[in-house]
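Asks: structure of the sequence below:
(chains A, B and C)
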Amino acid sequence: MKQSHTDPLLSCTDLSIVFNTHEGCFSAVRHVDFEIGHGEIVGLVGESGCGKSLTALSIMGLLPETASAHGNAIHFEGKDLLNINERAYQQIRGNRISMIFQEPMTSLNPVFKVGFQVREALLLHQKIDKTEAQTQAISMLKDVGIPAPEQAYNAYPHELSGGMRQRVMIAMAMCCNPKLLIADEPTTALDVTIQAQIIELIKGLVCTRNMSVLFITHDLGVVAEICDRVIVMYAGNILEEGSVENILEHPLHPYTQGLLKAIPQIDNQLDYLHIIPGSVPALKDLKDMTGCCFEPRCTNAMDICRQEIPGAHTPRDNHHVNCHLYNR
Amino acid sequence: MVSLLSFFFIHMIPGDPSMALLGPNATPNEIGNLKLEMGLDKPLPLQYATWLGKMLTGDMGNSILSGRPIFKSIAQRLPHTMVLAFLSILFSISIAIPIGIIAAVKQNTIIDRVVMFLALVGVSVPSFWLGILGIILFAVTLQWIPAAGYVSVFENTLIGLKYMALPSISLGLVLAAVSTRMTRASMLETLRQDYIRTARAKGLGKWAAILKHGVKNALIPVITVIGVDFGWLLGGTVVIETVFGIPGMGRFMVYGIMNRDYPVIQGVILYMAIIYMLVNLIVDIMVIFLNPRIKT
Amino acid sequence: MSVRPKHRFWISLGHNKLALFGFSILFCLVLISLSAPFIARFNPGELHMLKTLQAPDADFLMGTDEFGRDIFSRVIYGTRTSLQTSLLVVLIAGGIGTFLGLCSGYFSGVTDFIIMRIMDGLMAFPALLLALSIMAAFGASQTNLILALAIIYIPSFTRLTRNTTLGIRELEFIEASKAAGAGSLRIMIDHVFPNCLSPLIINATVILGYTILSEAALSFLGFGSPSQISWGTILSDGRDYVFNAPWISIYPGLAISFFVLGTNLAGDGLRDILDPRMQ
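Replies: Model prediction:
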């Protein structure tokens, strides 16, 4: 059962991520606020390039060299992640906050055995010896549903299938019992059947370990299956955010509505798929925008949308939206 | 398989023309006698087979000029050449690998650009000229190293190393330049890989992740290239030995060529080819050892 | 504003400073070799028996050798020979290699197999040793040197052309076979070959430099013909006088290094410019 505390596990206030290039500075993520509660699975949804991965990387402190994070704070377990040094961060990564990535094919080092890599995570953060770490690693491999854990421990990544490799990644991420797991599109590169298995696995782990998950995806179907809450991002801004029921059944922002309409329903007979006209603006064009970033593609756009960035409105409990349509 | 094929193919080259051309000044009688002696009157495949048979049993015939058995001479000289080659490789990888890695990690900074430029210069310079410059600088002007003479490392290791220092550095610097570029390129490719990011996400520091996870992957192509360049190295030993007066195989071959001593030439080339094959075999084994994907 | 591809080439070349530097080195060397009689003060073979083994001074900018010949003049004239030699080698190796590569890549099958096995055999052998054995077998002359070096560099061109051809073949083949039906093979070669030009030119530039290094090594060992004045032969002359007349060895080596640096820089620059534009 989920335990809820009054304080959130992770609280991110006014986060912006800027790219420093020789052509100038470009904001990829702008003034983003969100929270993740204990034992909660929060979905972060958006098109490619909307800044979801960057947000995740900034929580881990693993932004690329050309990017930097600014803002008020990212509070986690009593620390402000924006203000700690690299040493402190190394103690958090893989230990208190873990991350798994989209491509299990390439995320494991091909020249090291799988067990070695899982054991490495344990040895980094816990004062145990190699044999003890090996035992725990094998046990972890079993927990993530790998059929013959001892054999898998001694296998090389290329000897395992994609689904197996993603399970190994999850084992690696979980072995130190983190409070927060960030999963960056973990199922996108997998077959649909394997997808379902991985999602079940993560759900199970959340229950047994009272862990929170930030689940990044562009697939609303997956969101419906696993998430408690959803955050909708576009071009570096949060447009709408709330519980899964609220967002999926009563979407307020035109973008969210467009996303939902675009999902082809198996029982509908459509001549054309619904699309949102236009395309995501480039970073350079975003810089010049003064109003809502979605305005160019919005069918409900008003004059004020071009002039002012919309603030947050809370039409009902556990449902916030940034849109001038609700500014009444 | 392919290497064996080419091995045999190459043997045809020194075998046939060398035997065919006895020099423009030989009289017909001499030619006739020599031909008989060398068995040139017998059909070609038989010649080749006999010659190969002799080679395999270690009988390389005698030097035309000195009359001494070639096998012995080569055996005497082989260690010196090998020491030179070995020291050159040692020198070059001890420079190239660290610098290549650093240049890759600090890509596009001043360090990277300087390293790349120096590497480019290193590739452009003739190694024997470097040797000569080295002699001029260190032996003549600074008098740090004795100018002439040679002491084998097997007789007296420390002094021998002193004599070998300049030759190996001259040969090694050019190899280092090539290896640095290769290391940097390979490292750049490795750094882009996802597993480096995974290592950081586990909690490894930047350099720890790079060194522990990246280097092993990056070194695979580098080692392969060094194996291939060993051929160049062997050629280089010929020249360097001449410059520094080292009694190795290279100089022996030059002596053989100068004096039209064909058995000598054949013998040295055969041995160098064998060594080259061996080195590449070792490199292949090392790569298999490093890269588990090939094992299975 | 539409810029024609040719203009774009020169513009990007201008931006790449190092490449520009490389090309200017090459350009200068070509100029020097063409205007040698005007730059060199003395005839390169001219003897000054009273001033043998002299250190560089006002008259003899790079000193004199054991016959009293002006090193400076010899280096200047040597530019001609060295450039000539390397150009010839590249042309021969490039010509034969490209032809073989085209055949190999285009016809595939048995042709490809045979050609590539031969190339593998050649490439497996250490370059200098191969050249030495060829020269040993056929005698040491400038012509033989050029031919020997050409043989060494043929595989490089063959492989390059073959691989490019293999890639092109898939693209254009369909169009061409439709358009011409039973179009002559010559036309095919005329289609395929222009696409190989870019990597070929880059390769040729770089090999130009390596040729000089090999030529220098061979001449140094004593295989160039003594009548020809090339940088390598000057170095060979200086071998015995390293201690009392180091200048004989220093300057030609410097010339070689600059030349090869020039070809490498130019080659790198060409690679940056030409490669991204290839489809």
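Asks: please make it C-alpha for all contacts and neighbour counts, starting now.
Replies: Noted.
Asks: measure the residue in the stretch 101-250 of chain A that chain B sits nearest to to A:Met99 for me?
Replies: Nearest residue of the stretch 101-250 of chain A to chain B: A:Ser107, at 4.3 Å (Cα to the nearest Cα). From A:Ser107 across to A:Met99, the span is 11 Å (Cα to Cα, to the nearest Å).
Asks: may I have the secondary structure class of the closest residue to B:Ile101 other than its chain neighbours?
Replies: Nearest residue to B:Ile101, sequence neighbours excluded (Cα to Cα, 6 or more residues apart in numbering or on different chains): B:Arg184, at 5.7 Å. Secondary structure for B:Arg184, judged by DSSP: H, G, I helix; E, B strand; the rest coil, is helix.
Asks: equivalent analysis for A:Val230, please.
Replies: At A:Val230 the chain is in strand, as set by three-state DSSP.
Asks: give me the neighbour count for the residue lying closest to it once chain neighbours are set aside.
Replies: Leaving aside its chain neighbours, A:Val230 sits nearest to A:Gly43 (4.5 Å; criterion: Cα to Cα, 6+ apart). Residues contacting A:Gly43 under the criterion other Cα atoms under 10 Å in any protein chain shown number 30.
Asks: which strand residues bridge A:Gly43?
Replies: Here A:Gly43 sits in beta bridges with A:Phe215, A:Val230, as judged by DSSP bridges.
Asks: try B:Pro69
Replies: Beta-bridge pairing of B:Pro69 under DSSP bridges involves B:Asn62.
Asks: I'd like to know how many residues surround it.
Replies: Every residue meeting other Cα under 10 Å relative to B:Pro69 is counted, giving 16.
Asks: please report how far it lies from B:Ala75.
Replies: Counting by Cα to Cα - B:Pro69 and B:Ala75 are separated by 10 Å.
Asks: ditto for A:Ala183
Replies: Distance from A:Ala183 to B:Ala75, by Cα to Cα: 64 Å.
Asks: then C:Tyr241?
Replies: Applying Cα to Cα, the value for C:Tyr241 to B:Ala75 is 32 Å.
Asks: again, but for B:Gly172
Replies: For B:Gly172 relative to B:Ala75 (Cα to Cα), the value is 24 Å.
Asks: look at the two and report which has more neighbours.
Replies: When B:Gly172 and B:Ala75 are compared for neighbours, B:Gly172 comes out ahead with 27 against 13, by other Cα under 10 Å.
Asks: before we move on, back to that, my guess is the residue of the stretch 101-250 of chain A closest to chain B meets B:Arg200, correct?
Replies: No - counting by Cα atoms under 8 Å, A:Ser107 does not reach B:Arg200; the two are 11.3 Å apart.
Asks: ok so, going back, which residues touch the residue nearest to A:Val230?
Replies: A:Leu214, A:Phe215, A:Ile216, A:Thr217, A:Val223, A:Cys227, A:Asp228, A:Arg229, A:Val230, A:Ile231 (Cα atoms under 8 Å, 6 or more residues apart in numbering or on different chains).
Asks: and those, which two are the farthest apart?
Replies: Farthest-apart pair in the contacts of A:Gly43 is A:Thr217 and A:Asp228; separation 14.0 Å (Cα to Cα).
Asks: could you list every residue that touches C:Ala127?
Replies: Counting by Cα under 8 Å, 6+ apart, C:Ala127 has contacts B:Gly231, B:Trp232, B:Gly235, C:Ile152.
Asks: show me which residues of the stretch 101-250 of chain B sit near chain C.
Replies: Residues of the stretch 101-250 of chain B lying near chain C by Cα under 8 Å from any Cα of the partner chain: B:120-121, B:123-126, B:128-129, B:132-133, B:136, B:140, B:230-232, B:234-236, B:239, B:242-243.
Asks: by mean pLDDT, which helix or strand of the chain comes out lowest?
Replies: Went with chain A since none was named. The weakest-scoring helix or strand in chain A, judged by mean pLDDT, DSSP states H and E, is helix A:283-288 (a mean of 76).
Asks: elements contacting it?
Replies: strand A:24-36 (3 or more Cα pairs under 8 Å, 6 or more residues apart in numbering or on different chains; DSSP states H and E).
Asks: please identify the buried residues of the strand it packs on?
Replies: By 16 or more other Cα atoms under 10 Å in any protein chain shown, the buried positions in strand A:24-36 come out as A:Phe26, A:Ser27, A:Ala28, A:Val29, A:Arg30, A:His31, A:Val32, A:Asp33, A:Glu35, A:Ile36.
Asks: the fourth one contacts A:Ile238, correct?
Replies: No - distance between A:Val29 and A:Ile238: 9.1 Å, which falls outside the contact criterion (Cα under 8 Å).
Asks: element containing C:Leu147?
Replies: helix C:142-180 (DSSP states H and E).
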